[in-house]
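> structure of the sequence below:
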Amino acid sequence: MKKIKVGIAGLGRLGKVHASNIAYKIPNAELTAACSIVPAELEYAKEKLGVTDVYTDFREMLEKADIDAVAIVTTSSEHCWQIEAALDAGKHVFSDKPLGVDVAQCKQAEKAVERHPDLTFMLGFMRRYDKSYAYAKKKIEEGAIGTPYMVKATGIDPEAHVEGAIKFAATSGGIFLDMAIHDIDLMRWFLGCEATEVYAQGCTFKHPEFQQVGDDETAMACYKFENGAMGFVHVGRTAPHGYHVETEIIGTEGSIRISAIPEKNQAMIFDVHGAVTECVGSFPERFDEAYLLEMQEFIDCVCEGKQPGVNVYDGTKSTAIGYATTEAWKTGKIVKIG
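Coordinates of the predicted model:
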């Protein structure tokens, strides 16, 4: 079996998940190089992943490392130029979301992908690979809930991880591009059409550090879609109980609710506090299987010379919506999309 040699850029929380999957869980992949500007992350690559070929410069890794593909899990603002550089260096590319922090960046990435039709490019909208979301999409396509006309999505990171969110807030692109991009992608996917206008608001009651860099700890957005359907997104960074992701798709003949309670597992504890169900504590825990399945899809597409279902244009469209949402949040006005 031919193994695809992969270099990873970025070994933060999610980078470690992807790196571990490539190194140990995907039979036709091999992690052969790592790049990070954080010394501790390169030590992690050496000690935990067995990767000795490490770099602090992304372009140097592209030039010198023995790799067929790269997995980009860096800060959002770095994605597009790294995608372009990797493709121009002849490497297949997997990039985490978002594609870019503005539409101009995304168009730059689109052109790079179009210049290299022989190379595989995949964007990390991993929720499409989660079994519950994939099942919901299948049931919608089968007509189980009639015509879907509303998607309501909640995504709140745990308070336990808020310091990390504060650290990267200044370069994240803002709460909507950072946290709502998956929900935006899912709304497009479930409703089968594009958003045309958005209204958004944000607030900060607990951690003023967010507002000091022009961000917020909690926000909401309402969307109108081209067929008249509606979307509602609530994102935040201070869930006291754990990682809370919930989605509901409402149709003319029924509805589908995914993760109404963000359960850690099927166990329930009965004690002096009552009947208690523990919650998942982080996004890697909630979507561990989805992260593995999406990376396996990428590697399989590289092996077979195919393009995956999630493409660069999905990234541009979701970023355009996210950017319009950010504008609506900043201005307090309804913003037209497209």
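
> let me know the outermost residue of the chain.
Distance to the chain centre peaks in the chain at residue 272, reaching 38.6 Å (criterion: Cα atoms, centre = their mean).

> how much space between that one and residue 233?
Distance, residue 272 to residue 233, using Cβ to Cβ, to the nearest Å: 37 Å. Placement of C-beta: from N, CA and C, glycine included.

> all strands of the stretch 51-200 of the chain, in order?
Under the criterion DSSP state E, counting those that start in this stretch, the stretch 51-200 of the chain carries strands at the ranges 54-55, 69-72, 92-96, 121-124, 148-158, 195-203.

> tabulate those strands (CSV), appending mean neighbour count, mean pLDDT and distance to residue 213.
Formatted as CSV, the strands of the stretch 51-200 of the chain follow (neighbours: other Cβ atoms under 10 Å; pLDDT from 0 to 100; distance: least, Cβ to Cβ, whole Å):
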stretch, mean neighbour count, mean pLDDT, distance to residue 213
strand 54-55, 21, 98, 29
strand 69-72, 26, 98, 24
strand 92-96, 26, 97, 21
strand 121-124, 27, 97, 25
strand 148-158, 21, 97, 17
strand 195-203, 19, 98, 13
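
> for the ones you listed, give me a markdown table that also has distance to residue 11.
Formatted as a markdown table, the strands of the stretch 51-200 of the chain follow (distance: least, Cβ to Cβ, whole Å):
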| stretch | distance to residue 11 |
| --- | --- |
| strand 54-55 | 10 |
| strand 69-72 | 10 |
| strand 92-96 | 12 |
| strand 121-124 | 15 |
| strand 148-158 | 20 |
| strand 195-203 | 30 |
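
> quick one: the nearest residue to residue 309 once chain neighbours are set aside from residue 62, how far?
In space, and not counting its chain neighbours, residue 309 is closest to residue 128: 7.2 Å by Cβ to Cβ, 6 or more residues apart in numbering. Separation of residue 128 from residue 62 (Cβ to Cβ) stands at 28 Å.

> for residue 92, same thing?
Using Cβ to Cβ, residue 92 is found at 12 Å from residue 62.

> where does the stretch 1-150 of the chain dip in pLDDT?
For the stretch 1-150 of the chain, the stretches with pLDDT under 70 are 1.
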